[in-house]
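Visitor: Sequence first, then the predicted structure:
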Amino acid sequence: MTRHAGHWAAFILLFLGLLLTLAWAQANGFVSERVTVLWSKAIMQIDGPVGFNSTDAFFPPLPYVLSIVLQWIIGSVSVPTPFLLSAGLGAMMVMMWYSNLRYTADVSAITSVLAVALLVLNPFFLRALAEGPEAILTLIGTWIFARGIVNLRLAGNAPDMMKVAVGLLVVSLSNSYGLLICLGALPFMIVAARPSMLVSSPIGYLIAMFYPVAAAIFSLWFISMIFDSSLMPLLTEEPVSISFTTHLIILAGLAPLTFIATMRNVYTPYYFMPLLAAFGTVFGAYWLNNMFHMESDPSLAIAPMLAILVAAIRFWPPLNLREPIILVLLALSLVLSLFSLRANPEAETREWVAAVQGVPLDEYKATQDVARFLDGKDGILVDVERNPEIVPQIDDIQRLIVAGQTVYDWALEGGLLRAKYILVQNTPTDVLVTDRILRRFPELATDQMAFYDEVFANDLWRVFERNEPREGLK
Amino acid sequence: MALDAESEAIGTLLLDRGILTPDQLFAAEDLAEDWGVSLVKVLLSRRWITSDQLYEQLAFHYDLPLVNLMTDRPDDALIRSFDPRTMNDWMTIPIGETNGVTTVATARPGPATLLHVNEKFGTNVNLVIASHFDISWSLQRAFREQHSHDAVFALAEVDPEMSAQQVITPPQILILYLLVSTFLLGIAFAPVATLIAINVVLTVFYTGNFLFKAVLVWVGGAAQESSSRAIAAEASLLRDEDLPTYTVLVPMFREPEVLPILTQALRNLDYPLAKLDIKIVLEEGDHETIDAARSLNLEGVFEIIRVPASHPQTKPKACNFALRYSQGDFLVIFDAEDKPEPDQLKKVVAAFNQSPDNTACIQCRLNYYNARENWLTRMFTLDYSLWFDLMLPGLERLKIPIPLGGTSNHFRMDVLRELNAWDPFNVTEDADLGIRLTQKGYRVGVIDSTTFEEANVSIPNWVRQRSRWIKGYMQTFLVHSRRPVHLWRSIGPAGVFGFIFFIGGTFLSGLLNPVFWAIFAVWMIFGEDIISPYFPLPVLYLSLLNLLAGNGLLIYLTMVAPFRRRWTDLAPWGITVFGYWALMTVASYKALSQLVFNPFYWEKTQHGLSKHTANEVAEASLDAEEING
């Protein structure tokens, strides 16, 4: 009972601590795009207009479902639901890491506490936390996968096989980059396999290991097909140009130390081979990402290596100086990771670094301004799926006119604009327009739309108000 | 253990008379010492001398007359006046009475028997010697009617609530009637709401079924590794002289061709043959198999039990009959084509030693030796690997009643007799007995030792076999759900849920699958509009979850199943399990039809269709011919 109470107390403290780091970044204007999208989707699904019909696929399904469920439970609060989810999942994962080190690896309590503290303070972990549940679930999935693959080599029983499958399934259902992790794992599954499993049929072994991922992809495709939603555009991101030197600096935060922890078992193949496979999986995914661009931020692409590092130190041989070496390694990793993140040119990570350092961001302010302007106004036509950041800022979501509602569908499909207000992006002329209202009515971009006048504009948004009575709706 | 004086004297006699060679005698004496049994028992387990020769020499040694009870029939009425089990245990029966002197025949002459005879039959007796076959046969003849009746009706008379003799009870009929009435009223007055309600119930049931199986595999896969090692270690350390007598029942019907394989498999067991009490249980009218068994000149530890013809003509009835003549402390049933791992009996003894006192049965794993013969055998192997290697250990770990599987279930004899053994009206009597044992406060354990069987190679044969199993599960479900409160109290909530999903889920999913497949087909062909009135969004999402994640999970579990045995080549075949489910559906409807129209009919599975079995039969027959000259 006391132990359970202690665990709960530790979890709550950890949860609040992680939430505090997110709140600090949010207070300075940083909310990641993924958190915004997820929060917006959750709000629209739970509190949005009855007729709302999402055209985007149900992807990534795991964080999506969890966000919707949490939104349904807690209702509208000022803290983004994905932040709560991210902090909760993050705290749970850290507790599991502690338990794994303390009880399974038999590391002393003080070292275990210090180790998880160093892991939590690692900038890659905090960055993943700020990115939202997608990144945290990817970390969890990678850790489950790494544990499973080592245990599968050791014992080869069904739950270990299921751990590998669950791990791959979690990453593939949590993040499009997870699909690359699965792809990255493909050659390394052979490296990790027990020889006895390969003797009978290596093909059979591989098919069984990757079936869950294949089934998940098929299921997503099937759901996307029957609900007529588009999945593929959600899988890839705009690539960011990064030099080879920068890649090396970004990798320097986690990869070398994880590799060292893996090599520590080089003379015990039943640990070394699966750990090497786990390391190779994430490294391979990072490399593949440079071609497929499923994760535009290289820091987030290499962040799952943190989970491999935890698995590797868990299997560090219990010899003299094991604990000091583990702490030194993790401390060194923390310091190197600080440099790695600062070297990352990707905009969102730079913004996060700035926000964490207390520098306020302008974009967030611009959206707050338009929300303030729209306060009390009803009948606002907006493409919420392309402008998700507006959704959490609107106090009463029913004031929005969204896809699936008659006025919206008439406008987008029939060209009949009847809404009282139209909210669109303020897009520079040389930038690809994603806002579907703006694409359907390009006259809005030049303020030449009949019966509509621009009544608000800032760096990000423009608002138009109808200047004629709406005959069609009388 | 040193050889007793009686054995030494008998050995010397047999050597002097040239019946045994010196080498044979030394070997027999060594075995008798190692096994802790008499020389006579060792000789009965070898084919160095015939049973007739042995009993002739015993008669000479003890200076007692040798009688042939087949030609000089004993007085059946006199035999019936004594307790059959005691007579069977001592292999001693009264055969006649003249002028107040009882003539008692024994197959185990010696001081202990003499004391027993004096105690049971008085001091005014004439002792004669008869072979144990003669005594056993005389007992079977004398108690033919009584034991035949008991084999069929003992459970139904003593514990009718636990017998499937009554297929469905009046309260169950009433509940079914009310459910059907409610459904019809619902369809009449609120058809959409009724269909949605049914849909919700079934969808939730499916989800529960999927999750339950996943939990079982997870728990079952992790279980046993440490206990298996402990059992194997103790089994290897067991001394032969400490091992108990083990009864092996082999019920057969019209399978003369597999007898040589069976007897060889039993000889291959790593267990003192003299401590085995092997009963080949045959129907009285199955002359073909009886003649084949006789022609094999089997060792004395093999005994043929002839079961009188009566209805229902089922395997449990035959086993119940044979149980009356069994002498072991433990009992196991093997099918004719079974090949148990040689150390199985020792592992079971070790498992009983390490288990709680209330452990009444140890179930061993079943799998197939012809797994790769065709698609059906591959699927059947995946099915059995999932069931026996992963799910049953999961049930054991979660303390959920275990439906015993066809063969290789090892019982404590005392408990088996206390519970009136198998229900002859239930066509999966083993599954029923597993649930009954748990309800009566006993535990069933599962150990890591495999018996390899012949997988069905023919689809019609498979459907017949599976329809019997499913019908038996239906019977078992009906029997044990008669008293739901009692069930809840005796096996607890986890046991009840497990029982519903494991027993009920097995046949219900077979029956319901085509309904949902049809709905899915309608949806795909005609679009969402036609089904949307009956599938509100939450139900639609849950159904989609079942369709994709649930079925995906079951396929995955099927693929995981062979990994424990490193049969990775079978894993990809798991993707084709849909075809197997379709066959299950056919078998389920056949089972339902039989439950209604012919509930006690035993669909016989034809064995020996496999090429592997055919080859082995040919080889074993040649070997037998060579041995018999």
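Guide: Received, thanks.

Visitor: Please name the nearest non-neighbouring residue to whatever residue of the stretch 101-250 of chain A ends up closest to chain B.
Guide: Residue nearest to chain B within the stretch 101-250 of chain A (Cβ to the nearest Cβ): A:A158, separated by 2.8 Å. All C-beta spots, glycine's among them, are computed from the backbone N, C-alpha and C. Leaving out its chain neighbours, the residue that sits closest to A:A158 by Cβ to Cβ, 6 or more residues apart in numbering or on different chains is B:G221, at 2.8 Å.

Visitor: can you tell me which residues contact that neighbour?
Guide: A:157-162, B:390, B:393-394, B:560, B:564 (Cβ atoms under 8 Å, 6 or more residues apart in numbering or on different chains).

Visitor: now it: how far from B:F212?
Guide: To B:F212, B:G221 is 15 Å away according to Cβ to Cβ, to the nearest Å.

Visitor: before we move on, what about A:L118?
Guide: 41 Å.

Visitor: Also A:I390?
Guide: Counting by Cβ to Cβ - A:I390 and B:F212 are separated by 44 Å.

Visitor: more neighbours, these two?
Guide: The residue with more neighbours, out of A:I390 and B:F212, is A:I390; 23 against 20, by other Cβ atoms under 10 Å in any protein chain shown.

Visitor: quick one: that one is in a helix?
Guide: Yes. Assigned with DSSP: H, G, I helix; E, B strand; the rest coil, A:I390 falls within a helix.

Visitor: can I assume it is in contact with A:Q368?
Guide: No. Assessed by Cβ atoms under 8 Å, A:I390 is found out of contact with A:Q368, at 10.3 Å.

Visitor: what residue is smack in the middle of the chain?
Guide: All of this refers to chain A. A:E134 (2.7 Å; Cα atoms, centre = their mean).

Visitor: Chain B is the one I meant
Guide: B:T407 (3.5 Å).

Visitor: so that residue is in which element?
Guide: Using DSSP states H and E, B:T407 maps to neither a helix nor a strand.

Visitor: That one and B:F334 touch, don't they?
Guide: Yes. The criterion here is Cβ under 8 Å, and B:T407 meets it with B:F334 at 5.3 Å.

Visitor: residues shared between the contacts of those two?
Guide: Joint contacts of B:T407 and B:F334 (Cβ under 8 Å, 6+ apart) are B:T451.

Visitor: Now for the closest residue to B:G394 other than its chain neighbours, how many residues are close by?
Guide: Leaving out its chain neighbours, the residue that sits closest to B:G394 by Cβ to Cβ, 6+ apart is B:G220, at 3.0 Å. For B:G220, the number of neighbouring residues by other Cβ under 10 Å comes to 27.

Visitor: if I read this right, B:G220 contacts B:W387, doesn't it?
Guide: No. The pair B:G220 / B:W387 is not scored as a contact, 10.0 Å apart, by Cβ under 8 Å.

Visitor: Leaving out sequence neighbours, find the closest residue to the one residue in the stretch 1-150 of chain B that gets nearest to chain A.
Guide: The stretch 1-150 of chain B approaches chain A most closely through B:D34 (35.7 Å), counting by Cβ to the nearest Cβ. The shortest distance from B:D34 to any non-neighbouring residue, by Cβ to Cβ, 6+ apart, is to B:D240 (5.2 Å).

Visitor: got the buried residues for stretch B:70-90?
Guide: Buried residues in stretch B:70-90, defined by neighbour count with 16 or more other Cβ atoms under 10 Å in any protein chain shown: B:74-75, B:78-79, B:82, B:84, B:87-88, B:90.

Visitor: Tell me the one among those residues nearest to B:L548.
Guide: For the buried residues of stretch B:70-90, the minimum distance to B:L548 (Cβ to Cβ) is 59.4 Å, reached by B:N88.

Visitor: Mind telling me what element that closest one is part of?
Guide: With DSSP H and E as criterion, B:N88 is part of helix B:84-90.

Visitor: Just list what that helix packs against, helices and strands only.
Guide: Counting contacts by 3 or more Cβ pairs under 8 Å, 6 or more residues apart in numbering or on different chains; DSSP states H and E, helix B:84-90 packs against helix B:111-121, helix B:132-142.

Visitor: Next, count neighbours for A:V171.
Guide: Residues near A:V171, counting by other Cβ under 10 Å: 32.

Visitor: could I get the contacts of B:G221 as TSV with distance to A:G415 and pLDDT?
Guide: Output for the contacts of B:G221, formatted as TSV (distance: Cβ to Cβ, whole Å; pLDDT from 0 to 100):
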residue	distance to A:G415	pLDDT
A:N157	62	81
A:A158	58	83
A:P159	58	84
A:D160	58	87
A:M161	55	86
A:M162	53	87
B:L390	60	91
B:P393	65	92
B:G394	61	92
B:V560	55	90
B:R564	63	86
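
Visitor: measure the closest residue to the residue nearest to the centre of chain B other than its chain neighbours to A:I390 for me?
Guide: Closest residue to B:T407 apart from its sequence neighbours, by Cβ to Cβ, 6+ apart: B:D335 at 4.7 Å. Between B:D335 and A:I390 the computed distance is 71 Å (Cβ to Cβ).

Visitor: Next: B:P356.
Guide: When distance is defined by Cβ to Cβ, B:P356 is 65 Å away from A:I390.

Visitor: Over to B:T314?
Guide: 73 Å.

Visitor: quick one: B:V427 is in a helix?
Guide: No. Counting by three-state DSSP, B:V427 falls outside a helix, being coil.

Visitor: Check which helix or strand the closest residue in space to it that isn't next to it in sequence maps to.
Guide: Spatial nearest neighbour of B:V427, excluding adjacent residues (Cβ to Cβ, 6+ apart): B:G472 at 4.2 Å. Using DSSP H and E, B:G472 maps to helix B:459-480.

Visitor: Over to B:L259?
Guide: Per DSSP H and E: helix B:259-267 holds B:L259.

Visitor: Packing partners of that helix?
Guide: Partner elements for helix B:259-267 (3+ Cβ pairs under 8 Å, 6+ apart): strand B:246-252, strand B:276-283, helix B:287-295, strand B:339-340, helix B:611-627.

Visitor: Compare the ones you listed and report which one is nearest to A:R264.
Guide: The nearest among the helices and strands packed on helix B:259-267, by Cβ to Cβ, is strand B:339-340 at 45.7 Å.
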